[in-house]
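Enquirer: Here's my sequence, what's the structure:
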Amino acid sequence: MPNSPQFDELDSRTPIARELKAFLERGGSPDGAVALVAGMERAFNRLPARKTPEKSSCRGTRLTADWQPSQSDTEFAIGRGLHCSQVAAEAEKFRNYWLAKGGQAAAKRDWPATWRNWIIAALERHNGRLFRVTSRTNLSSGSPQSGSDAVLAGVGKLSARVNRSREPTVLEGREVQGCPNPPLQLTFDSCRDE
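Expert: Numbers count the residues shown, from 1 in each chain. Predicted coordinates for the structure are as follows:
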């Protein structure tokens with residue numbers, strides 16, 4: 001049988017065909033070949049179907065507990081006007097938020113893009129400024145604030161002044177009885193920057 005034309009034409013690209021060809025080359029009988037193929041088919045049918053490898057880009061991953069912004073993540077935030085301490089604070093908020101979030105929404109395919117969106121959203125929430133800006137200049141143009149920016153800055157300072165003036169009156173480290181909140185008194189200094 002090994003010299004027959006049918007034997008030479010056996011396709012040995014599959015595991016069963018390779019085994020059958022090797023069996024016949026060793027002088028195996030036709031009955032033995034049938035038994036070999038039957039046994040191998042049974043063995044292959046018992047194996048679980050092979051899973052096709054999933055593309056890593058199709059599924060998102062969760063943020064790791066030790067996540068830190070990369071150099072390019074930090075440069076992006078600084079390029080948008082944040083200081084190093086602001087970047088650190090936003091990174092901590094970002095990490096805490098995404099570690100605490102559950103479900104499918106907490107898995108992202110592109111964490112650097114998620115970070116960039118986080119920084120942009122934070123800047124938008126704070127009208128382009130994070131934390132307290134002590135200058136009376138517009139961050140984007142460097143020119144003095146005018147129009148609604150100036151009004152908002154003034155209202156913010158007035159609000160801070162009102163909050164400070166409403167703090168309980170303290171005398172020798174204790175609250176004064178009968179006067180938990182002193183009457184509101186505002187002073188309007190036009191040139192004073194707080």
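Enquirer: From the domain annotation, what segments belong to each domain of the protein?
Expert: Domains of the chain are assigned by automatic domain parsing as 5-46, 71-125, 133-171.
Enquirer: what's the first-to-last distance across the longest one?
Expert: As for domain 71-125, its first-to-last residue distance stands at 24 Å under the measure CA to CA, to the nearest Å.
Enquirer: for the record, mean pLDDT for that domain?
Expert: For domain 71-125, the mean per-residue pLDDT is 93.
Enquirer: same question, the last one
Expert: The average pLDDT within domain 133-171 is 63.
Enquirer: Which one, of the domains of the chain, ends up nearest to Cys58?
Expert: domain 71-125 (7.8 Å; CB to CB). Placement of C-beta: from N, CA and C, glycine included.
Enquirer: Look through the protein and tell me its longest helix.
Expert: helix 147-165 (DSSP state H).
Enquirer: who touches the helix or strand hosting Gly39?
Expert: Using DSSP states H and E, the element containing Gly39 is helix 30-46. By CB atoms under 8 Å, 6 or more residues apart in numbering, the surrounding residues in contact with helix 30-46 are Met1, Pro15, Ile16, Glu19, Leu20, Phe23, Leu24, Gly28.
Enquirer: Alright, calling it a day.
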